[in-house]
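*Asks:* one predicted model, sequence on top.
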Amino acid sequence: MLKSIWTCVVSVAAILFATTSVTTTVAARDAAYDPWPGIQEDVFENRQLIEDTQNILLDAPYRAEDAAIVPLTMTISKDIAGSVKDLWLIIDKNPAPVAAQFSFGPAAGSGERTIITRVRIDEYSHVRAVVETNDGKLYMAAKYVKAAGGCSAPALKDMDAALTGIGKMRVKILQSDISKTKMLMGQVMIKHPQYSGMQMNQLTGLYIPAKFITEMEIKRGKDVVMTVTGGISLSEDPNIRFTYAPGSEDHSLEIVAKDTDGRIMNGRAIPKGS
């Protein structure tokens, strides 16, 4: 009897050891997996990327407090800003790595450009800011961020609260004194759940269908500052701050956004004193 019990204990220990070993091996494999070469091939057709941390600054926390709301700041120096036509924000290990693409128009100006936003990060990953200049060259800055579970984290509000007032937009001109910076700063905030398709309804136990903002056009008067192509990685209730150039007369901001349901959202801001 004692021998049988001991045999049983040894067998269970062996199973536990094997399971732990497999789990450790899988975790190590996942940690070692590098999706960047595939992303570079798919998004940039394997074109050469030049690391440039002088002209492209990416500010990101090394360890995020909340993986569903990770603050990022991307800055393009005035030395190259005038020649930059696109900026990609990429999170290597997110299910959809391209978090957003910012395509600049004439109203983006030639001064230092800054974009500040919040993203979801699904697991420990490199975050990259990649810019393309008019001559077709690609430059990149990257940071490693420790965060996990951001894409599947429950929404900040229950579904009824999240969908109430969906699409409501607030637009602000935060910096209208151009005497020192020669650039303005605007902000757009949109009430939107940004469902990733990976979140679970806590009441039904079913996955919530993806619902997110797909595109946004930001104009200064009639001139385009930039267009934004978004995805599931932008955080709930998207919040984007950005610099733009003043116009000769009209500094106002006009913003139109669209989501996966075809919903059209509009917002406008006029400088104080106008």
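*Replies:* Great, that's in hand.

*Asks:* any chance you could map the strands in the stretch 101-250 of the chain?
*Replies:* Applying DSSP state E, counting those that start in this stretch to the stretch 101-250 of the chain gives strands spanning 113-119, 125-133, 138-145, 169-175, 184-190, 213-220, 223-230, 239-244.

*Asks:* tell me what the residue lying closest to Ala142 once chain neighbours are set aside is bridged to.
*Replies:* Using C-beta to C-beta, 6 or more residues apart in numbering and skipping the chain neighbours, the partner closest in space to Ala142 is Arg128 (4.5 Å). (Each C-beta comes from the backbone N, C-alpha and C, glycine too.) On the basis of DSSP bridges, Arg128 is bridged to Ile90, Ala142.

*Asks:* same check on Gln187?
*Replies:* The partner list for Gln187 in beta bridges (DSSP bridges) reads Lys172, Arg241.

*Asks:* likewise for Val119?
*Replies:* On the basis of DSSP bridges, Val119 takes part in beta bridges with Val70, Leu234.

*Asks:* how about the contacts made by it?
*Replies:* Going by C-beta atoms under 8 Å, 6 or more residues apart in numbering, Val119 touches 70, 72, 89, 91, 99, 127, 150, 233-235.

*Asks:* domain parsing for this protein?
*Replies:* The chain is divided into the following domains under automatic domain parsing: 1-33, 46-269.

*Asks:* out of these, which gets nearest to Ile39?
*Replies:* domain 46-269 (5.2 Å; C-beta to C-beta).

*Asks:* what about that closest one, average pLDDT?
*Replies:* Taken as a whole, domain 46-269 carries a mean pLDDT of 91.

*Asks:* now it: how far from the chain's centre is it?
*Replies:* 6 Å (C-alpha atoms, centre = their mean, to the nearest Å).

*Asks:* endpoints of it, how far apart?
*Replies:* Terminal residues of domain 46-269 are spaced 41 Å apart (C-alpha to C-alpha, to the nearest Å).

*Asks:* hmm, back to that, how far away is the residue nearest to Ala142 from Leu253?
*Replies:* 28 Å (C-beta to C-beta, to the nearest Å).

*Asks:* which residue ranges of the stretch 1-150 of the chain form helices?
*Replies:* Under the criterion DSSP state H, counting those that start in this stretch, the stretch 1-150 of the chain contains helices at 2-32, 36-44, 78-81.

*Asks:* and these, which one's lowest on average pLDDT?
*Replies:* Note on the helices of the stretch 1-150 of the chain: helix 2-32 shows the lowest mean pLDDT, a mean of 43.

*Asks:* Thr269 contacts Val171, doesn't it?
*Replies:* Actually, residue 269 is Ala. It isn't Thr. Yes. If you go by C-beta atoms under 8 Å, Ala269 and Val171 touch, sitting 4.0 Å apart.

*Asks:* joint contacts of the two?
*Replies:* 186, 253.
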